[in-house]
Structures are given as structure tokens and as C-alpha cells.
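[1] predicted model and sequence follow; I will ask about them next.
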Amino acid sequence: MHTLPASARQFAVSTSDGRLSAVRSTPPGGSDTAKGIAVLVPGYTGSKEDFVPMLSELTEAGYDVLTYSQLGQWKSEGPDRAEDYTVDAFATGLLEVLDAAAPGERVHLVGHSFGGLVTRAAVIREPHRFRSYTILCSGPGGATVAGPAGPALEEAITAEGSAGAWRFLEPFFAAGQPEPVVTYLRTRIHETNPANLLGIGRAIAAEPDRVEELRAAGVPILVAHGEHDAAWTPEAQRDMATRLGARYEVIADAGHTPNEEKPEVTARLFTDFWAEAG
């Protein structure tokens, strides 16, 4: 759906659970001139393409940017059993991506939605690998999820696979979108491993509140979300930021995907925070 900028290239990263589809966008002078490396992790039903609208802005600001589709997401390999899609397994995948694509580097990390739970687990496990951490449109755990999920979605996936997920989610995803966007979203979900869709749904529901563990990791944190985010409520995200002692920002006129709805504004928010974090 989104066109890659000239600064970006696609490649694959090998991990213990399969090859993951990735994109890397480098500043004009190359990686050696970058202010730092940023790694952007997508959420449920998402993929690396969710961050493509931001790549030019982030790269022009001097950052070397890597984003990838997680296990079983669109164009990435992954196991065929739902029980293998745990937060810990996704966090291990992230750390293996860092080993392969940014060995020895401390990176600026961003996790969107379910990607926020994955990235949080990685930061708690190995905080020394991260210069900063941005939680985008995510929350403290499964108990505070407000978006479309739960037994009805699992039933639809169990009965019809990825097509069932689209049938259930279409009213939420397609409302107000032009037909090319709807076609793209439909294709992406249809081509996502149904075990991934089942496993992530269960993983979100089971995820405990780990805010105190994350605060103890000592990494500079930004909590940000769209003004109209409805997956985790703004109140839950603001409370999480307070408990973390984190910087907290609301992105005006955006919902659950400010990285796509307001990419320039969101990119500037990220780069300002990265510069502040050092």
C-alpha cells in the first residue's frame, strides 16, 4: 500500500523461528553517519508496512531505521501452532533481529499496540540494549484492553482461519477507508498465519501488568497515543505513563495508528524524544 522511499531497502532476517520480512532506511550519508539506530515493531494484524509512512521523516532527521514484520505476520515466517505465539517468543525474535541487524548497538526502540507488549518484555529482559523506549498506543496489560478482541474473534478465526479474522475486524478496519486501503488490509490479514492471529489474541488477554518491572529497567520512556485511540483507553495509557515516570504525549486528530494517520507529527515526536534521550 505504501511506497518505500529511495532511502529504504527490503531484506529478510533469519531467526530461530523463521525468516522475518524487514525494511531498513538509512540517512543520506549511510549508517556510519546516523545519529542512532531505531527499531520499530508493529502490532496485532500489522506488519512492517505500518511504519513506511514515517521512514523519510525519520531518515532525513539522521536516524538509521529498521522495521520488520513479526513471526507469522504478513510476509514473515512463523510456527503453525497458536501456543507458540507468546509474548516471550516475540521478544526473543526481536532480540535475534537486533543480533543480526544491529549487533552490539544500543537502539531506540518503538512498540506499537501488541508490539508494545513484545518490546516491553525485551526491555525488561535486556535493558542495556536500549537507548530509549517508546510505547505507542499500547497499555499495561490484557486486563485494560478496550478494542475488538476476545472469544468472538477467536471463534471466527477457529472457524474460518484468517478470512474469519477479516470478517470480524472489517467493520473496525474498513470504516471510512478508500477501497484501495480496504483491499490492502484485507489481503494482509488473509495472508497472515491464522495461528499468529489466534496466538496473539490469547497472548494479549493473558498479559499481566508489568509496569513496575519496566520502570525498574531504567530506560528513558515515552508513552504516546492518538487522541481518539480506542484499543487501550487514553486513561489507561496516561496512568501507565504516570506510574512509569515517563514522558507522555497525545497526538491530536489521530486514533490507534498515528504512525499512519499523522506520520510527520509522530516522526517529529519520536526524533525529539530520541535526541533528548541521547
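    Good, I have the coordinates. Fair warning: this is a prediction, and the values are worked out from it, not measured in the lab.
[2] and the helices in the stretch 1-150 of the chain?
    Assigned helices in the stretch 1-150 of the chain, in chain order: 52-60, 87-101, 114-125 (criterion: DSSP state H, counting those that start in this stretch).
[3] quick check: angle from the longest one to helix 114-125?
    Helix 87-101 runs at 80 degrees relative to helix 114-125, counting by axes from the mean of the first three to the mean of the last three C-alpha atoms, to 10 degrees.
[4] now helix 87-101: buried residues?
    Residues of helix 87-101 classed as buried under the neighbour-count rule (16 or more other C-beta atoms under 10 Å) are 87, 89-94, 96-98, 101. (Glycine included, C-beta is placed from N, CA and C.)
[5] now do the first one
    If you call a residue buried by 16+ other C-beta under 10 Å, then helix 52-60 has these buried ones: 52-59.
[6] ditto for stretch 39-51
    Those buried within stretch 39-51 under the rule 16+ other C-beta under 10 Å are 39-51.
[7] one more: stretch 196-212?
    Applying 16+ other C-beta under 10 Å to stretch 196-212 flags 196-204, 207, 210-211 as buried.
[8] sorry, back to before: of the helices of the stretch 1-150 of the chain, which is nearest residue 16?
    Ranking the helices of the stretch 1-150 of the chain by their distance to residue 16 (criterion: C-beta to C-beta) puts helix 87-101 first, at 6.4 Å.
[9] from the contact counts, what lies against the closest one?
    Helix 87-101 sits against strand 8-15, strand 18-25, strand 36-41, strand 63-68, helix 114-125, with contacts defined as 3 or more C-beta pairs under 8 Å, 6 or more residues apart in numbering; DSSP states H and E.
[10] residue contacts, residue 78?
    Applying C-beta atoms under 8 Å, 6 or more residues apart in numbering to residue 78 gives the contacts 17-18, 70-72, 84-85, 193, 195-196.
[11] so what's it closest to, chain neighbours aside?
    Spatial nearest neighbour of residue 78, excluding adjacent residues (C-beta to C-beta, 6 or more residues apart in numbering): residue 72 at 2.9 Å.
[12] that neighbour reaches residue 79, doesn't it?
    Yes - using C-beta atoms under 8 Å, residue 72 is in contact with residue 79, at 7.1 Å.
[13] common neighbours of those two, please.
    By C-beta under 8 Å, 6+ apart, residue 72 and residue 79 have these common neighbours: 85, 195.
[14] between those two, which is the more surrounded one?
    residue 72 (27 against 17; other C-beta atoms under 10 Å).
[15] tell me the centre residue of the chain?
    residue 42 (2.4 Å; C-alpha atoms, centre = their mean).
[16] now do it, the pLDDT please.
    pLDDT recorded at residue 42 is 98.
[17] start the count at 18 instead of 1 going forward.
    Understood, numbering begins at 18; the last thing we discussed is residue 59.
[18] my guess is it contacts residue 84. True?
    Yes - applying C-beta under 8 Å as the test, residue 59 and residue 84 come out as touching, 7.2 Å apart.
[19] picking up where we left off before, in TSV: the helices and strands packed on helix 104-118, plus distance to residue 188.
    As requested, those are exported to TSV (distance: least, C-beta to C-beta, whole Å):
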stretch	distance to residue 188
strand 25-32	32
strand 35-42	28
strand 53-58	26
strand 80-85	28
helix 131-142	20
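[20] who wins for proximity to residue 253 among those?
    So among these, helix 131-142 is nearest, using C-beta to C-beta, at 11.9 Å.
[21] counting contacts, what elements does that closest one pack onto?
    strand 53-58, helix 104-118, strand 124-129, strand 147-153, helix 211-223, helix 228-234.
[22] now it: buried residues?
    Residues of helix 131-142 classed as buried by neighbour count (16+ other C-beta under 10 Å): 131-141.
[23] hmm, back to that, residue 198 is nearest to which of the helices and strands packed on helix 131-142?
    strand 124-129 (17.7 Å).
[24] could you check the angle helix 69-77 makes with the closest one?
    Going by the same axes, to 10 degrees, strand 124-129 is angled at 160 degrees with respect to helix 69-77.
[25] strands paired with strand 124-129, and their directions?
    strand 53-58 (parallel), strand 147-153 (parallel) (DSSP bridges).
[26] what's in contact with that strand?
    53-60, 63, 67-68, 80, 115, 134-137, 139-140, 146-155, 274, 276, 287, 291, 294.
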